[in-house]
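**Q** Generate coordinates for the sequence data below:
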Amino acid sequence: MEAVSAVPVPQPRAAAATAATSSRRSLAAALFLGAVGATVVLLAAGRIWAEGTASVGGGTVPLEAKGSDVTGVPTALAIVGLAALVAVFAVRRAGRFLVAALLALSGAGTAAAALLGASDGKALDEKAARTTGDTAATVEALTHTAWPYVTVAGGVLILLAGLLALRFGRQWPSMSGRYERDGSPRSRKAARPADPDRPEDLWKALDRGEDPTREA
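**A** Reported below is the predicted structural model:
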């Protein structure tokens, strides 16, 4: 007699648990990447991106330009990314997809703007012109720091958060009217016993799945 091979039995609970775990991990990763990326961008935009000198009266004056002097795009897009990261939980279906796409585009735009500004010298040229009083003056001994590339890294983190939201956002929870403003579930009031002389009470009891003819 041939041995009967065991047929694997589907485990719906195990599959659901695995899906829930994957959803929680992707959610935590997106929140972490988005928050860290935006923080990095906002901090790096306030650092020195470029340095140089300007000739004044036979001498030189040191000049420096912060990231916000070079371009304000990374800061603005990082704020947009933070708003999108929060808003992704307030919308559903197509709205969530659009917000997730906005989050990803914010990260991509931040990285691109910072990369373009990494070799930009216009901000220091403008400072040289103001310092010397000569509109044709330009910065000399121009050097750039690593902060623009730190900003690029922050934008990439925001982009990754957006890609996670696009891929797994359908599985994430959303804000619900079942919760109060403080985040705690609303307590259900005790149902009033149905009055047999009031038809509306009988219908309400039936809607709750109760037997209105049963004595308390």
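**Q** helices or strands next to the host helix or strand of residue 163 in the packing?
**A** Assigned by DSSP states H and E, residue 163 belongs to helix 147-168. Counting contacts by 3 or more CB pairs under 8 Å, 6 or more residues apart in numbering; DSSP states H and E, helix 147-168 packs against helix 12-44, strand 48-56, helix 67-70, helix 73-87, helix 93-117. In this view, the C-beta of every residue, glycine as well, is placed from N, C-alpha and C.
**Q** Work out the gap between that helix and the centre of the chain.
**A** 9 Å (CA atoms, centre = their mean, to the nearest Å).
**Q** can you check stretch 83-91 too?
**A** The chain centroid and the centroid of stretch 83-91 are separated by 8 Å, computed with CA atoms, centre = their mean.
**Q** again, but for stretch 118-131
**A** 33 Å.
**Q** I'd like the average pLDDT over it.
**A** The pLDDT scores in stretch 118-131 average 86.
**Q** Contact partners for the residue nearest in space to the middle of the chain?
**A** By CA atoms, centre = their mean, the mean C-alpha position of the chain lies nearest to residue 85, the distance being 2.9 Å. Each residue near residue 85 by CB atoms under 8 Å, 6 or more residues apart in numbering is listed here: 30-31, 34-35, 38, 103, 161.
**Q** coming back round to it: what pLDDT, on average, does the helix holding residue 163 get?
**A** 95.
**Q** show me where pLDDT drops low in this protein?
**A** Within the chain, the ranges that satisfy pLDDT under 70 run 1-22, 175-216.
**Q** switch to 50 and redo it
**A** 1, 9, 177-183, 186, 188-190 (pLDDT under 50).
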